[in-house]
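A.B. asks: Predicted model and sequence follow; I will ask about them next.
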Amino acid sequence: MRRATLILYAAANSQCPDRATSLADARIALCLESGVPMEDIDPASGYNHSRSAYDRARASWVDLIRQHGASEFHEVRDVEWARALWAKKRPQFVEGDDWLKAGLDAHRKFIASLGRPCRRSTCIAHDTLPEA
């Protein structure tokens with residue numbers, strides 16, 4: 001509750017001449033309070049660029065694709081965008097780590113466990129379209 005309040009205050013405070021700086025400062029304070037080392041915090045944005053933050057972001061995308069599959073029009077584009085953001089900040093984390101492949105592999109296993117075909121017609125994880 002305290003975190004959300006601080007971020008909302010920084011974002012909504014009309015007395016702040018520079019909201020972006022206020023939000024970055026609030027994020028930095030929250031990161032430090034959470035135990036994130038200063039060298040893992042982006043000073044311009046206040047975002048956490050630690051290995052654990054990377055692992056959480058990756059796991060979130062892999063799980064989304066596991067459950068819903070992936071379409072070239074949505075998830076493929078979006079996961080590549082998210083991975084590219086990490087590649088700019090922490091290239092050593094993304095090197096050789098294919099989020100999309102991990103998600104598609106997890107999706108294939110998930111669908112197999114359901115015992116029915118994937119019902120998403122735009123899913124790139126499957127060779128054939130699902131039955132109607």
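C.D. replies: Ah, there it is.
A.B. asks: Low-confidence stretches in the protein?
C.D. replies: 1-17, 127-132 (pLDDT under 70).
A.B. asks: What are the neighbouring residues in contact with residue 58?
C.D. replies: By Cβ atoms under 8 Å, 6 or more residues apart in numbering, the contact list for residue 58 reads 97, 99, 102. Any C-beta I mention is one placed from the backbone N, CA and C, and that applies to glycine too.
A.B. asks: Which of those residues fall in helices?
C.D. replies: The helices, defined by DSSP state H, take in 99, 102 from those.
A.B. asks: Select from the contacts of residue 58 the one having the most neighbours.
C.D. replies: When neighbours are counted by other Cβ atoms under 10 Å, residue 99 leads these with 20 neighbours.
A.B. asks: Isn't that residue up against residue 81?
C.D. replies: No: under the criterion of Cβ atoms under 8 Å, residue 99 makes no contact with residue 81, lying 11.0 Å away.
A.B. asks: Now do the contacts for the most centrally placed residue in the chain.
C.D. replies: The centre of the chain sits closest to residue 57, judged by Cα atoms, centre = their mean, with a distance of 3.6 Å. With contact set as Cβ under 8 Å, 6+ apart, residue 57 has these partners: 82, 86.
A.B. asks: could you dump the host helix or strand of it to PDB, C-alpha only?
C.D. replies: Element membership of residue 57, judged by DSSP states H and E, is helix 51-68. C-alpha atoms of helix 51-68 as PDB (Å, rounded to 0.1, in the frame of the first residue of the first chain):
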ATOM      1  CA  ARG A  51      18.900 -10.100 -12.500                       C
ATOM      2  CA  SER A  52      15.800 -10.900 -10.400                       C
ATOM      3  CA  ALA A  53      13.800  -8.200 -12.200                       C
ATOM      4  CA  TYR A  54      14.900  -9.700 -15.500                       C
ATOM      5  CA  ASP A  55      13.900 -13.200 -14.400                       C
ATOM      6  CA  ARG A  56      10.500 -12.000 -13.300                       C
ATOM      7  CA  ALA A  57       9.900 -10.200 -16.600                       C
ATOM      8  CA  ARG A  58      11.000 -13.200 -18.600                       C
ATOM      9  CA  ALA A  59       8.800 -15.600 -16.500                       C
ATOM     10  CA  SER A  60       5.800 -13.400 -17.000                       C
ATOM     11  CA  TRP A  61       6.100 -13.400 -20.800                       C
ATOM     12  CA  VAL A  62       6.800 -17.100 -20.900                       C
ATOM     13  CA  ASP A  63       3.700 -17.800 -18.700                       C
ATOM     14  CA  LEU A  64       1.500 -15.600 -20.900                       C
ATOM     15  CA  ILE A  65       2.600 -17.400 -24.000                       C
ATOM     16  CA  ARG A  66       2.300 -20.800 -22.200                       C
ATOM     17  CA  GLN A  67      -1.400 -20.100 -21.500                       C
ATOM     18  CA  HIS A  68      -2.500 -18.300 -24.600                       C
END
